[in-house]
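# The amino acid sequence is not available; the structure is as follows:
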């Protein structure tokens with residue numbers, strides 16, 4: 001508890017929020033890397049996921065590629081790309097690493113959103129004479145939007161945690177207090193930086209949870225609320241309808 005109190009004291013100290021290297025600047029850098037990486041990954045992964053979900057072609061390849069990408073260690077990928085791009089292009093190398101890490105979640109959210117749609121809805125749209133483009137934009141994308149937002153939410157959380165290692169290649173972000181604190185053996189600084197990353201991740205998760213809830217189409221949400229619940233069988237009615245074992249009915253008692 002003493003260390004937590006010191007970490008909170010370090011965060012709340014006014015001098016930590018002053019100057020170009022203050023926590024407000026590091027927070028801005030962290031958010032900039034996160035949002036830019038997810039946006040670039042979305043430009044690549046979302047149309048590809050929609051194409052896979054609409055046509056069903058390439059799903060196995062996408063699943064395999066997503067699994068391989070998730071298995072790649074983030075820190076190793078960042079260092080490898082920095083070496084390949086050169087020390088003069090470290091921001092570009094870091095951005096490529098973060099984009100590659102965000103793509104699997106976005107790709108999965110895009111095509112699973114389409115796969116979760118009831119086939120009867122698509123058949124009804126085709127029977128009404130809608131073209132494939134109309135089905136894509138008027139049926140599949142609106143109905144698949146909640147799962148897509150879930151994929152964006154997952155990608156955002158993964159990237160906001162991974163951007164912490166950008167400080168290892170002198171790119172700033174909230175990982176800088178953690179690395180600096182480890183070198184100086186200032187564990188209050190280390191814990192303070194970790195707490196800020198955790199709070200940022202929780203706030204982003206809460207924001208996208210609200211967006212995901214509001215992304216459910218209005219008609220679909222009402223249909224789910226009006227769906228009849230399965231009631232438990234009426235035991236009393238069942239007992240009245242059939243005679244109990246070991247007891248005779250009134251008609252049986254009247255027989256000679």
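Good, I have the coordinates. This one's a predicted model, so the numbers in the text were calculated from it and none came from an experiment.

# hey, let's count contacts and neighbours off CA atoms from now on
Noted.

# Which element, helix or strand, includes the residue nearest in space to the middle of the chain?
The residue lying closest to the centre of the chain (C-alpha atoms, centre = their mean) is residue 154, at 1.9 Å. Assigned by DSSP states H and E, residue 154 belongs to helix 141-162.

# element containing residue 30, please.
Using DSSP H and E, residue 30 sits in helix 23-55.

# Report the angle between that helix and helix 141-162.
Per axes from the mean of the first three to the mean of the last three C-alpha atoms, to 10 degrees, the angle that helix 23-55 makes with helix 141-162 is 140 degrees.

# so where's the protein shaky on pLDDT?
1, 219-256 (pLDDT under 70).

# can you give me the helices for it?
2-12, 23-55, 59-71, 74-85, 90-115, 119-127, 132-135, 141-162, 175-184, 187-214, 218-226, 235-241, 250-254 (DSSP state H).

# Tell me which of these is the most buried.
Among these, helix 90-115 has the highest mean neighbour count (mean count of other C-alpha atoms under 10 Å), at a mean of 24.

# Kindly calculate the angle that that helix makes with helix 23-55.
Orientation check (the same axes, to 10 degrees): helix 90-115 against helix 23-55 gives 40 degrees.

# can you give me the angle helix 90-115 makes with helix 74-85?
Using the same axes, to 10 degrees, the direction of helix 90-115 lies 130 degrees away from that of helix 74-85.

# I'd like to check the angle between helix 90-115 and helix 59-71, please.
Using the same axes, to 10 degrees: helix 90-115 against helix 59-71 is 140 degrees.

# Remind me what helix 90-115 packs against, helices and strands.
Counting contacts by 3 or more C-alpha pairs under 8 Å, 6 or more residues apart in numbering; DSSP states H and E, helix 90-115 packs against helix 23-55, helix 59-71, helix 74-85, helix 141-162.

# Would you reformat the ones you listed as JSON lines and include distance to residue 191?
What follows is those, written out as JSON lines (distance: least, C-alpha to C-alpha, whole Å):
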{"stretch": "helix 23-55", "distance to residue 191": "14"}
{"stretch": "helix 59-71", "distance to residue 191": "27"}
{"stretch": "helix 74-85", "distance to residue 191": "20"}
{"stretch": "helix 141-162", "distance to residue 191": "15"}
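
# right, and those - which one's nearest residue 131?
Set against residue 131 and scored by C-alpha to C-alpha, the helices and strands packed on helix 90-115 come closest in helix 23-55, at 12.7 Å.

# Which strands and helices lie in contact with that closest one?
If you count contacts as 3+ C-alpha pairs under 8 Å, 6+ apart, helix 23-55 packs onto helix 90-115, helix 141-162.

# now it: how far from the chain's centre is it?
Centroid separation for helix 23-55 versus its chain: 12 Å, with C-alpha atoms, centre = their mean, to the nearest Å.
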